[in-house]
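Q: For reference, the sequence and a predicted model appear below.
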Amino acid sequence: MSRIGVVGAGYVGLVTGVCLATMGHEVTIRDIDPRKIAALADGSVPIHEPGLEELIAEHRERLTFTLSLERLLERSGIIFVAVDTPPTYSGDADLSRVMGFVDELAATGVDPRHLLAMKSTVPVGTGERVRSELAARGLGVGYCSNPEFLKEGVAIADFLRPDRVVIGEFDPADGDRLAAVYEPLGAPVVRTSVPTAEMIKYASNAFLATKISFINEIANVCEEVGADVATVAQGMGLDQRIGTSFLRPGIGFGGSCFPKDVSALKQLAGNSGYHFQLLTAVIEVNELQKRRVVGKLKKHLGELDGKRVALLGLAFKPGTDDMREASSLVLAARLIAEGAIVTAHDPVAMDAARERLRGVELAGSAGEALEGADAAVLVTEWPEYLALDWAAAGATMARPVVIDGRNALDGAAMRAAGFDYEAIGRT
C-alpha cells in the first residue's frame, strides 16, 4: 500500500484521506488551521458528513493529522491537493490557496518521488501553470489532475464506489502510479490530458446545474398553464437519453460546487473570447427562483413588512451542515429587506448559520420556529421536517401558510390539515 498525503482537511480532503485509509493506505492529512487539526487529532470531526466520524475512529492507526508540510512530505509519495478555490468577485476561481501551496513546496523542497494529484477544482490551464512554476524553481515533481465528484451527504459512498475516476497526466508513468491507487475500487478510469481532465470537472457540474435550472423553468411554466411538474419530470426522466437525476424543481441550486463552478466556467470561456450564453441563463434562472418564493409569500400574506416567516432548513441540502451559497442565505436576506421577521431552524447547520446569518432569529426546534409564524418555507427537505406533525404545528402558527420550496411534502395531506399550501410547479 502507498504512503499518501492530503493537503486540506475540508470536505474533499478529509473524505479523500479517510477513505484512502480504509483502503489500507498510510495517510497524512495536513491543514493550516490549528483548531481543525487539534480537533481531528482528538477524534472530533469539524464537518457533518454521515459515517465519517466512525471511519476515522475505525482506521485511526493509519491516519496522521499535522500542521507541518515537512512532516507530510516525509511521510508521503503521492500528495492529493484539496484546498479551497472559492469564487472571486469577478466569478473566476481564486487560486491563491493552490499557488500558496506551490510557494510552500518551493520553499520546503520536494523531489521526483513526489506526485501531486490535484483534487481541487481548478480552471483549465492550472496544471500547466503549477508545473511551470515548479520547474522554474528547479523542482522536478510529477503532476496529475484528479478531479473529485463527491456529493456532500453521500461522499463516502461516492469515493469508495465511484462511477468513474478521471486522471489527467503529463507523463503516463505518473498516471499509472495514480491509477494504481484506485485500482481496487474497480471503477472505469478515464486517462486523458491535464487540460481535458480539468474541463471534465467543470463541464459535469455545469451540465447538472443546467438540468436544475431547466426543470425550474419548466415548473414555472407549469404554474402558468396548470400542468404538474412532478409528472412532467417523471415522463421526461423515463427517456433514457434524459434520465431522472436532477429533474427536481425547487428554489435553486447552491453549495460549494455548482454556483462557483458554473461562474468559473462562464468566466473561463469569456477570458478565452467565447460568450457562454447558456450558462448566463442558468445563473439568472437560479437567482430568480428565490424571488419567486417571495412572490408566493406575498400572494398569501400581502406586503411582508412585519410578517413572521419561518425558514425550515438552512444547509444547501440534507445530510450536510454546509451553508456555502445556500438558498437560505439569499432568501433570508430578501425577506429581511422586505421587512419580514425571519425565524429559522436546521437540524445540523445551526453553528454555521450563526456565523453566516444576520438578523435572523434561530430557533431550537422546527416547532419553535413555526410558533406564531404567518408562513413557513421548506428550504431544505430534511427528513425531520417531512415527518413533522404538521397539523399540530399549524395550530401554533398565526396563519397556516406553507411554501414547499422542495416539493417534498404531501400537498393533499397539507391542505386537508388546513394549510394554504403551495409548491413549485404543482397544481
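A: Structure's in. What do you need?
Q: where exactly do the strands run in the stretch 251-400 of the chain?
A: Counting by DSSP state E, counting those that start in this stretch, the stretch 251-400 of the chain has strands at residues 308-312, 341-345, 361-362, 375-378.
Q: Which strands or helices does the third one pack on?
A: For strand 361-362, the helices and strands in contact under the criterion 3 or more C-beta pairs under 8 Å, 6 or more residues apart in numbering; DSSP states H and E are strand 341-345, helix 350-356. Where C-beta positions appear, they are placed from N, C-alpha and C, glycine not excepted.
Q: thinking Ala366 is in contact with Ala392, fair?
A: No: applying C-beta atoms under 8 Å as the test, Ala366 and Ala392 come out as separate, 11.1 Å apart.
Q: The residue of the chain positioned farthest from its centre sits in which helix or strand?
A: What lies farthest from the middle of the chain is Gly138; by C-alpha atoms, centre = their mean that is 36.8 Å. Element membership for Gly138 (DSSP states H and E) is empty, with no helix or strand holding it.
Q: can you give me phi and psi for it?
A: Main-chain torsions, Gly138, degrees, to the nearest 10: phi 80, psi 20.
Q: again with Met118
A: Met118 adopts backbone torsions of phi -80, psi 110, taken as degrees, to the nearest 10.
Q: distance of it from Val27?
A: As judged by C-beta to C-beta, to the nearest Å, Met118 and Val27 stand 17 Å apart.
Q: Next: Ile403.
A: In terms of C-beta to C-beta, Ile403 sits 45 Å off from Val27.
Q: out of these two, which sits in the more crowded spot?
A: Val27 (27 against 24; other C-beta atoms under 10 Å).
Q: Assess the claim that that one and Gly5 are in contact.
A: Yes: judged on C-beta under 8 Å, Val27 makes contact with Gly5 at a distance of 7.5 Å.
Q: For the residue farthest from the centre of the chain, report the pLDDT, please.
A: pLDDT, Gly138: 82.
Q: and what of Ala310?
A: Residue-level confidence at Ala310 comes out at 98, pLDDT.
Q: ditto for the one 10 residues further on
A: At Thr320, the predicted lDDT confidence score is 93.
Q: repeat for Leu357
A: 92.
Q: just to confirm, which helix or strand has Thr121 in it?
A: Thr121 belongs to no helix or strand, assigned by DSSP H and E.
Q: distance of it from Gly127?
A: 12 Å.
Q: And for Thr427?
A: In terms of C-beta to C-beta, Thr427 sits 50 Å off from Gly127.
Q: Which one of the two is surrounded by more residues?
A: The residue with more neighbours, out of Thr427 and Gly127, is Gly127; 23 against 13, by other C-beta under 10 Å.
Q: Mind splitting this protein into its structural domains?
A: Structural domains annotated on the chain: 3-192, 207-422, as defined by automatic domain parsing.
Q: CSV please, covering those and showing distance to Lys201.
A: Output for those, formatted as CSV (distance: least, C-beta to C-beta, whole Å):
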stretch, distance to Lys201
domain 3-192, 4
domain 207-422, 7
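Q: Among the ones you listed, which comes closest to Ile200?
A: domain 3-192 (5.3 Å; C-beta to C-beta).
Q: Ends of the closest one, what's the gap?
A: Taking C-alpha to C-alpha, to the nearest Å as the measure, domain 3-192 stretches 25 Å from start to finish.
Q: what kind of secondary structure is Val190 in?
A: strand (DSSP: H, G, I helix; E, B strand; the rest coil).
Q: Tell me, how many residues neighbour it?
A: 13.
Q: For this protein, give the helix that spans the most residues.
A: As assigned by DSSP state H, the longest helix anywhere in the chain is helix 194-225.
Q: Can you list the helices and strands that it packs against?
A: In terms of contacts (3+ C-beta pairs under 8 Å, 6+ apart), helix 194-225 is packed against helix 126-136, strand 142-145, strand 165-169, strand 189-192, helix 229-237, helix 258-271, helix 277-301.
Q: taking these together, which one is wrapped up most tightly?
A: strand 142-145 (a mean of 25; mean count of other C-beta atoms under 10 Å).
Q: Buried by neighbour count: which residues of the helix or strand just after that strand qualify?
A: Note on strand 142-145: by DSSP H and E, the next helix or strand toward the C-terminus is helix 155-160. Within helix 155-160, the residues that count as buried by 16 or more other C-beta atoms under 10 Å are 155-156, 158-160.
Q: same thing with stretch 350-367?
A: Those would be 350, 352-353, 357, 360, 362-363, 366, for stretch 350-367 by 16+ other C-beta under 10 Å.
Q: ok, Phe152 to Ser256 distance?
A: Rather than Phe, residue 152 is Glu. Counting by C-beta to C-beta, the gap from Glu152 to Ser256 is 8 Å.
Q: ok, those two, which is more surrounded?
A: Glu152 (25 against 22).
Q: Return the residues in contact with the more buried one.
A: 11, 49, 255-256, 317, 319-320, 322 (C-beta atoms under 8 Å, 6 or more residues apart in numbering).
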